[in-house]
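Novice: This is a predicted model, with the sequence first.
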Amino acid sequence: MSLGWRLFWRETRQAGWWQSHLGLLIASLALSVAVISGMLVFSGQVKTALNSEAAQFLAADRALVSSRPVPPEWAMEASAAGLETARFAVFPSMVFREDDSALAVVKAVSASYPLRGNLSVSAGEGDVVQRVQHGPATGAVWLDARLLQSLQAKVGDLVSVGDKALRIEAVLVSEPDSGNQLSVMAPRLMMSIDDLDATGIVQPGSRVEYSELFAGDSETLETFATSLKPRLESWHRWMDVKQGRPSLARALDRAAAFLLLAGALSVLLASAAAWLASRQYAHGQRKSVAVLKALGADGSVLRGIYARVLLVIGALSISLGLLLGWLLQWGLRWLFGPVLSIEWPPADWQGFALGALVGVFCLLMFVWPFLHQLQRVSPDTLLREAGEQARRDIGFLPGFILLCVLVSVLSGWWRL
């Protein structure tokens, strides 16, 4: 057994060692690792889950919006790559029922719309609302309550959109992507895109917005986007939730930043405690070092001994911190689960890796400088207590500043 391990083992065999400076040092480092890893993993899970929920506001994971028809081969390429696709066209139009008419926002959708989220419809005004994941069938339309009232119509009546007569099949209650101003301000009508040509409304120069929707795993989406973007023209817009709903994206970023900022402050306090505990632990080792020097140990031997001590402290504190971080993220999920009501994704290993990285950083910046300076202790320390304490403290400020920078980057506080 190496001398470094025997020194550490001797400390732990003492009664109440967990209340000593060594116990405080291990606890402080473990707390730093636990807080930053637990918070990073939890915030990552929340952000992933909320991004999945936010995709419902786009009715897809990605959308290609254009003022001109989107080439159909692009959707075929996406399907061949394993992505789900849907499409719709939105335009203003007059809607007629006998002698009544009203201006409405017409959305002609494909059968697979929406890819994310649900449509809410009812069999009549005031009836039970049902959630469906498909649009109207060919020859049918869904009208919202305002348009029904304007036309004095009811479910089962015929309305005319351009040259096409369509039967009202249901009352449209809500759409996942109805957040644009035009849809909010005007009455809405939803029809099948297969009936669009029969209406005769869309002509060259017509004010129509075309959208191609895509859904699938992130890697496939990014690969498809990379191949598609060089072919996009000025009238095309490639959108995700950040471009489609910037206010929602900012809210997601700020929520994650608040969580990480709270964790970052805890890490700074725990690191300060680790620095103080390291300082006192190293001071308590001075007599042991003086004895070793009196027996002939030189600086290289002492560095080797306390490097092993550092490895043991680091292994224990980081392992304990990762375990506590895993428990912390589960505790946060249990605490906030009823409030958030989201489907939790699996824990991301990157949060634990960054937590371990913070633990290594604290070891190198706050613990090792004190242990390294023990080689300067002279054998006559056995005869006197006063040490050169001032020279041991100079390493705190640079390390603390670097740690502040590190936790600032991890927390992203500037997004608040």
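Specialist: Structure's in. What do you need? Numbering: from 1, shown residues only.

Novice: ranges for the strands of the protein?
Specialist: For the chain, the strands identified by DSSP state E occupy 62-66, 84-97, 100-109, 119-122, 129-132, 140-143, 158-161, 164-174, 188-192, 209-215, 236-239, in order along the chain.

Novice: could these be laid out in a markdown table, adding mean neighbour count and distance to residue 38?
Specialist: Yep, even glycine has a C-beta here, placed from its N, CA and C like the rest. Putting the strands of the chain into a markdown table (neighbours: other C-beta atoms under 10 Å; distance: least, C-beta to C-beta, whole Å) gives the following:
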| stretch | mean neighbour count | distance to residue 38 |
| --- | --- | --- |
| strand 62-66 | 22 | 31 |
| strand 84-97 | 19 | 35 |
| strand 100-109 | 21 | 43 |
| strand 119-122 | 19 | 38 |
| strand 129-132 | 12 | 35 |
| strand 140-143 | 25 | 46 |
| strand 158-161 | 19 | 55 |
| strand 164-174 | 19 | 37 |
| strand 188-192 | 24 | 45 |
| strand 209-215 | 23 | 31 |
| strand 236-239 | 16 | 33 |
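
Novice: and of the ones you listed, who's closest to residue 301?
Specialist: For the strands of the chain, the distance to residue 301 is smallest for strand 62-66, at 61.3 Å, taking C-beta to C-beta.

Novice: Can you pull out the residues in contact with the closest one?
Specialist: Around strand 62-66, the neighbours that count as contacts under C-beta atoms under 8 Å, 6 or more residues apart in numbering are 70, 74, 209-215, 221, 225, 228, 232, 235-240, 244.

Novice: on that earlier part again, can I get the strands of the chain in TSV with distance to residue 362?
Specialist: Putting the strands of the chain into TSV (distance: least, C-beta to C-beta, whole Å) gives the following:
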stretch	distance to residue 362
strand 62-66	40
strand 84-97	46
strand 100-109	55
strand 119-122	52
strand 129-132	50
strand 140-143	60
strand 158-161	67
strand 164-174	50
strand 188-192	57
strand 209-215	42
strand 236-239	42
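
Novice: want to throw these into a markdown table with mean pLDDT and distance to residue 336?
Specialist: Putting the strands of the chain into a markdown table (pLDDT from 0 to 100; distance: least, C-beta to C-beta, whole Å) gives the following:
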| stretch | mean pLDDT | distance to residue 336 |
| --- | --- | --- |
| strand 62-66 | 90 | 28 |
| strand 84-97 | 92 | 30 |
| strand 100-109 | 92 | 35 |
| strand 119-122 | 89 | 27 |
| strand 129-132 | 86 | 25 |
| strand 140-143 | 93 | 36 |
| strand 158-161 | 92 | 46 |
| strand 164-174 | 91 | 26 |
| strand 188-192 | 93 | 35 |
| strand 209-215 | 92 | 27 |
| strand 236-239 | 87 | 29 |
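
Novice: Helix or strand with the lowest mean pLDDT in the chain?
Specialist: The helix or strand of the chain with the lowest confidence, counting by mean pLDDT, DSSP states H and E, is helix 389-392 at a mean of 45.

Novice: Work out which residue lies at the spatial centre of the protein.
Specialist: Against the mean C-alpha coordinate of the chain, by C-alpha atoms, centre = their mean, the closest residue is residue 47 at 2.7 Å.

Novice: List the contacts of the nearest residue to residue 192 once chain neighbours are set aside.
Specialist: The shortest distance from residue 192 to any residue other than its chain neighbours is 4.8 Å, reached at residue 138 (C-beta to C-beta, 6 or more residues apart in numbering). Neighbour list for residue 138: 192, 194, 195 [criterion: C-beta under 8 Å, 6+ apart].

Novice: Among these, which one lies nearest to residue 161?
Specialist: When the contacts of residue 138 are compared for distance to residue 161 (C-beta to C-beta), residue 195 wins out at 8.0 Å.

Novice: who touches that closest one in this structure?
Specialist: By C-beta under 8 Å, 6+ apart, the contact set of residue 195 is 108, 138, 139, 161, 164, 166.

Novice: Please apply the same query to residue 125.
Specialist: Counting by C-beta under 8 Å, 6+ apart, residue 125 makes contact with 145, 148, 171.

Novice: if we go to 10 Å?
Specialist: Contacts were defined as C-beta atoms under 10 Å, 6 or more residues apart in numbering; by that measure residue 125 touches 145, 148, 149, 154, 155, 171, 173.

Novice: Packing partners of the longest helix anywhere in the chain?
Specialist: In the chain, ranked by residue count with DSSP state H as the criterion, the top helix is helix 299-340. For helix 299-340, the elements it packs on are helix 3-13, helix 21-54, helix 246-284, helix 286-294, helix 349-362, helix 368-372, judged by 3 or more C-beta pairs under 10 Å, 6 or more residues apart in numbering; DSSP states H and E.

Novice: Among the contacts of residue 125, name the ones in helices.
Specialist: Assigned to helices by DSSP H, the following of those qualify: 145, 148, 149.

Novice: and the nearest residue to residue 134 once chain neighbours are set aside, how many residues sit next to it?
Specialist: The shortest distance from residue 134 to any non-neighbouring residue, by C-beta to C-beta, 6+ apart, is to residue 111 (5.9 Å). Around residue 111 sit 13 other residues, with neighbours defined as other C-beta atoms under 10 Å.

Novice: Likewise for residue 320?
Specialist: The local packing of residue 320 (other C-beta under 10 Å) involves 18 other residues.

Novice: cool, and residue 227?
Specialist: Other residues within reach of residue 227, judged by other C-beta under 10 Å, total 13.

Novice: Kindly report the same for residue 268.
Specialist: 15.

Novice: right, and it touches residue 32 too?
Specialist: Yes: between residue 268 and residue 32 there is a contact under C-beta atoms under 10 Å: 8.8 Å.

Novice: how near is residue 224 to residue 60?
Specialist: Using C-beta to C-beta, to the nearest Å, we find residue 224 at a distance of 13 Å from residue 60.

Novice: Now list whatever residues contact both of these two.
Specialist: In terms of C-beta under 10 Å, 6+ apart, residue 224 and residue 60 are both contacted by the residues 83, 214, 216.
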